[in-house]
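>>> Structure of the sequence below:
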Amino acid sequence: MNEIGAFDAKNTLGTLLDRVERGEEIVITRYGKAVARLVPNIRRVDQNQARAAFERIRERARRLQRTKPASFNWAALKKLRDQGRP
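Numbers count the residues shown, from 1 in each chain. As a prediction, this is how the structure comes out:
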């Protein structure tokens, strides 16, 4: 893992990205302290898994929509709340 100062990183960003694309990790420092790390983006989104998750969410929303009460009876709730009050 290589370290580079923030000023130099700013001036050579394109070159740094090329190095990271080849698999290298680079730590960017400011005043000698590490503040960021450039790493390759190796994790890809599996489109099939994303679609399946989306469908599960939509199905759950449809189920909840079917079981949702038509309306909320505020008057009944207030009556229950006020029972037993002086």
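>>> Next SSE downstream of the longest helix that the chain contains?
Longest helix of the chain, by residue count under DSSP state H: helix 47-67. Downstream of helix 47-67, the first helix or strand assigned by DSSP states H and E is helix 74-82.
>>> what residue is smack in the middle of the chain?
Nearest residue to the geometric centre of the chain (Cα atoms, centre = their mean): residue 45, 13.1 Å.
>>> From the chain's centroid, how far away is the longest helix of the chain?
On the basis of Cα atoms, centre = their mean, to the nearest Å, helix 47-67 is displaced by 18 Å from the centre of the chain it belongs to.
>>> And the average pLDDT for that helix is what?
Averaged across helix 47-67, pLDDT comes to 89.
>>> could I get that helix in CSV with only the CA atoms?
Coordinates of each C-alpha in helix 47-67 appear next as CSV, following Å, rounded to 0.1, in the frame of the first residue of the first chain:
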residue,chain,number,x,y,z
GLN,A,47,-28.5,-7.6,-11.2
ASN,A,48,-30.5,-10.8,-10.5
GLN,A,49,-30.1,-10.4,-6.8
ALA,A,50,-31.1,-6.8,-7.0
ARG,A,51,-34.2,-7.6,-9.0
ALA,A,52,-35.2,-10.4,-6.6
ALA,A,53,-34.8,-8.0,-3.6
PHE,A,54,-36.9,-5.4,-5.4
GLU,A,55,-39.7,-7.9,-6.1
ARG,A,56,-39.7,-9.1,-2.5
ILE,A,57,-40.1,-5.5,-1.3
ARG,A,58,-42.9,-4.8,-3.8
GLU,A,59,-44.7,-8.0,-2.8
ARG,A,60,-44.4,-7.1,0.9
ALA,A,61,-45.8,-3.7,0.2
ARG,A,62,-48.8,-5.2,-1.7
ARG,A,63,-49.5,-7.6,1.2
LEU,A,64,-49.4,-4.7,3.7
GLN,A,65,-51.7,-2.7,1.5
ARG,A,66,-54.3,-5.5,1.5
THR,A,67,-54.2,-5.8,5.3
